[in-house]
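**Student:** Dropping a prediction and its sequence here:
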Amino acid sequence: MQFRQQALAKLQSPEELDLPVRFARPQGWLALSVTVAVMAAASVWAVTGTVASTVSAPAVLTHGEGSYVLQSPVAGQVTEVVAQEGERLPANAPVLKVRTAQGGTTVVRTVAAGRVTALAATIGAIISTGANVAAVEKVAHADDPLYATVYVPAESAATIPANAAVDLTVQSVPTQQYGVLRGHVKAVGRSVETSQQISSFLGDSQLGEQFTKKGRPVAVLVRLDRSAATKSGLKWSSADGPPFALTSMTLATGSIRLADQRPVDWLLP
């Protein structure tokens, strides 16, 4: 009861009515100003800004037209291997000879001009009709340019813009020393590819299985940037790049920059 009377008496006293009232300290005003400025900047960025993202996927360096698997048109025994791995041959060139059960000899020839990347048949081997005897990369001239084929997950392919920048981490090149290989998207496949389609294009069944482990991907053809200042003739993130030229069928990992997205699109539910 005594406390209540004292409180009422204090409220009725006019002695402190003329004192100024402090609503906030200077530090509080400063914190409030900073908070408001940050919120305003974030709002402007959410409306006008963009977010850059990338997709990484396995890749392989090839020539633009890919490879093909050469098959024997007959069954029999291999009597001679004419071609050598790494040799560049014109179309219809002899690769090996097969003696059939009837005693005749059939010459297995290239379908298109290219470089022999693998020979599966040896002298004395017995092969059946349709057996794979060689893999031939479709390259007619030594100066035909290399490309990279990146096998991107199907759900990411639609967001890849034309001429998108690509960084390629090449397995045979130390990244810390020479950096990454530069390139730009040349074309994006229109449909997903099966393991068999990839194997036919690369001339390697193991790569077909490897690139489809997580589902059927879309092939993205990447044009490698050229540079006269490097020994490889290609542009790298380092000044010089590796002191050697790259060859086809070299494995890599491609990082492709996707189309910029407005942050408000993914900030809002």
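**Tutor:** In hand now; what should we look at?

**Student:** mind listing the strands for the chain?
**Tutor:** Per DSSP state E, the chain has strands spanning 54-63, 67-71, 76-81, 88-89, 94-99, 105-109, 114-119, 126-127, 132-137, 146-153, 165-170, 181-188, 217-224, 251-257. These are given in chain order.

**Student:** okay, and for this structure, where does confidence drop off?
**Tutor:** Per-residue confidence of the chain (counting by pLDDT under 70) places the weak regions at 1-32, 34, 36-38, 40-52, 259-269.

**Student:** tell me the centre residue of it?
**Tutor:** Against the mean C-alpha coordinate of the chain, by Cα atoms, centre = their mean, the closest residue is Gly254 at 2.7 Å.

**Student:** partners of it in the sheet?
**Tutor:** Beta bridges link Gly254 to Ala57, Leu168 when assigned by DSSP bridges.

**Student:** what does Val69 give?
**Tutor:** Partner residues in beta bridges with Val69, using DSSP bridges, are Ala135.

**Student:** quick one: it and Thr122, what's the gap?
**Tutor:** Per Cβ to Cβ, to the nearest Å, Val69 is found 17 Å from Thr122. C-beta coordinates here come from the backbone N, C-alpha and C atoms, glycine included.

**Student:** ok so, going back, from Ala245, how far off is the residue nearest to the centre of the chain?
**Tutor:** 20 Å.

**Student:** go on, Val78?
**Tutor:** Counting by Cβ to Cβ, the separation of Val78 from Ala245 is 33 Å.

**Student:** Specify which residue of those two has the higher count of neighbours.
**Tutor:** With neighbours defined as other Cβ atoms under 10 Å, Val78 and Ala245 compare such that Val78 has more, 20 against 11.

**Student:** Please verify my assumption that the more buried one contacts Ser128.
**Tutor:** No - when contacts are counted by Cβ atoms under 8 Å, Val78 is not listed as touching Ser128 (11.8 Å).

**Student:** Columns distance to Ser199 on top of the strands of the chain, output as TSV?
**Tutor:** Listed next are those as TSV, based on distance: least, Cβ to Cβ, whole Å:
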stretch	distance to Ser199
strand 54-63	12
strand 67-71	8
strand 76-81	23
strand 88-89	21
strand 94-99	19
strand 105-109	20
strand 114-119	12
strand 126-127	19
strand 132-137	10
strand 146-153	12
strand 165-170	22
strand 181-188	20
strand 217-224	13
strand 251-257	15
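
**Student:** among those, which is nearest Gly241?
**Tutor:** Go through the strands of the chain one by one with Cβ to Cβ and the one that ends up closest to Gly241 is strand 181-188, at 7.8 Å.

**Student:** other SSEs contacting the closest one?
**Tutor:** Packing contacts for strand 181-188, counted by 3 or more Cβ pairs under 8 Å, 6 or more residues apart in numbering; DSSP states H and E, involve strand 146-153, strand 165-170, strand 217-224.

**Student:** From the chain's centroid, how far away is the last one?
**Tutor:** So the one you mean is strand 217-224. On the basis of Cα atoms, centre = their mean, to the nearest Å, the separation between the geometric centre of strand 217-224 and that of its chain is 7 Å.

**Student:** which strands and helices sit next to that strand?
**Tutor:** Applying 3+ Cβ pairs under 8 Å, 6+ apart, one finds that strand 217-224 makes contact with strand 54-63, strand 146-153, helix 154-157, strand 165-170, strand 181-188, strand 251-257.

**Student:** List of residues touching the first one?
**Tutor:** Contacts to strand 54-63, defined as Cβ atoms under 8 Å, 6 or more residues apart in numbering, come from residues 137-139, 144-153, 156, 159-160, 168, 170, 202, 207, 210-211, 217, 220, 222, 246-258.

**Student:** Having no further points to raise, I will conclude here.
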